[in-house]
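A.B. asks: Prediction below, plus the sequence it came from.
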Amino acid sequence: HIGIHSAKDVPGELDKKLSIGAYLNREDVRDVLITRKPSIKKLTHLPKNSTLGTSSPRRIAYIKLLRPDLKIIQLRGNIETRIDKVYKGKVYAILLAKAGLNRLKKFKYDFNFFAIPLSQILPAPGQGAVAVMYKKENLFIKRICSKINCKNTYISLNTERSLIKQMNGDCFTPIGALAKVKKNSIMLKARLFSDDAKFFVDDIKIGPIKSANSLGKKCADNLLKKLKAIE
């Protein structure tokens, strides 16, 4: 009757029979750098030419910008599988979403975790939020969803998803974006990289909550226009 998803993995364009009925209260949206070295407190502390595991185009683009010397190793699998790669020395460090680590809570290894500031790396659209999907025709489930929905998360995620949808993006699009509700307004920050990660453009949009959907669309159009102008 319902589907539970990480919001950042839900494509911008949904099947017409489905709808997102609720978003649970959003967790920490930051990325986390994981190593076995307690001395690593920043990205700049990683040894030169060391290996970093990730398969995220967004994270790869940011790392190429912030630490172009690092060697990127494609890494897939669940959280524990990826952490195990660090433990076994297959990679020196990895990047993961802090929300997933917070929800998992227990680890069989003792690691060094450093949350990367949002001023350095913006999260993926939808990161840190759990989306609850249902069939539009099921009004009973719709009512249940309305009781567990977090209003501020719902507004923020709709803004971020309108951004992704407008540019026909998905979880493989090299973009970081974060929308935040402040009283009766919403602010959206976004950074879009070129596919080869050689260029990037930024945009910030602020507007009333009622314009959240159009705010995301305007931000997407502006980012695409800026990127096209410099490529």
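C.D. replies: Great, that's in hand. Numbering: from 1, shown residues only.

A.B. asks: three-state assignment of the residue located most distally from the centre of the chain?
C.D. replies: The C-alpha centroid of the chain is most remote from residue 140, which lies 30.7 Å away (CA atoms, centre = their mean). Counting by DSSP: H, G, I helix; E, B strand; the rest coil, the backbone at residue 140 sits in helix.

A.B. asks: quick one: it from residue 77, how far?
C.D. replies: 37 Å (CB to CB, to the nearest Å). To be clear about C-beta, it is placed using only N, CA and C from the backbone, and glycine gets the same treatment.

A.B. asks: Contacts only, for residue 166.
C.D. replies: Contact analysis of residue 166 by CB atoms under 8 Å, 6 or more residues apart in numbering lists 12, 216-217, 220-221.

A.B. asks: Could you rank those by neighbour count and give me the top one?
C.D. replies: residue 216 (28 neighbours; other CB atoms under 10 Å).

A.B. asks: quick one: that one is in a helix?
C.D. replies: Yes: counting by three-state DSSP, residue 216 is located in a helix.

A.B. asks: Helices of the protein, start to end?
C.D. replies: Remark: helices assigned in the chain by DSSP state H are 57-66, 79-87, 98-104, 139-148, 151-166, 212-230.

A.B. asks: Nearest to residue 1, out of those?
C.D. replies: Evaluated with CB to CB, those place helix 139-148 nearest to residue 1, the distance being 5.4 Å.

A.B. asks: Please point out which parts of that closest one sit buried.
C.D. replies: Buried residues in helix 139-148, counting neighbours by 16 or more other CB atoms under 10 Å, are found at 141, 144-145.

A.B. asks: which of those residues lies closest to residue 47?
C.D. replies: The nearest one, if we look at the buried residues of helix 139-148 relative to residue 47 and count by CB to CB, is residue 145, at 47.5 Å.

A.B. asks: Check what pLDDT the closest one gets.
C.D. replies: With respect to pLDDT, residue 145 scores 96.

A.B. asks: Phi and psi next, for the most centrally placed residue in the chain.
C.D. replies: What sits nearest the mean C-alpha location of the chain, by CA atoms, centre = their mean, is residue 124, with 1.9 Å. Main-chain dihedrals, residue 124, degrees, to the nearest 10: phi -70, psi 150.
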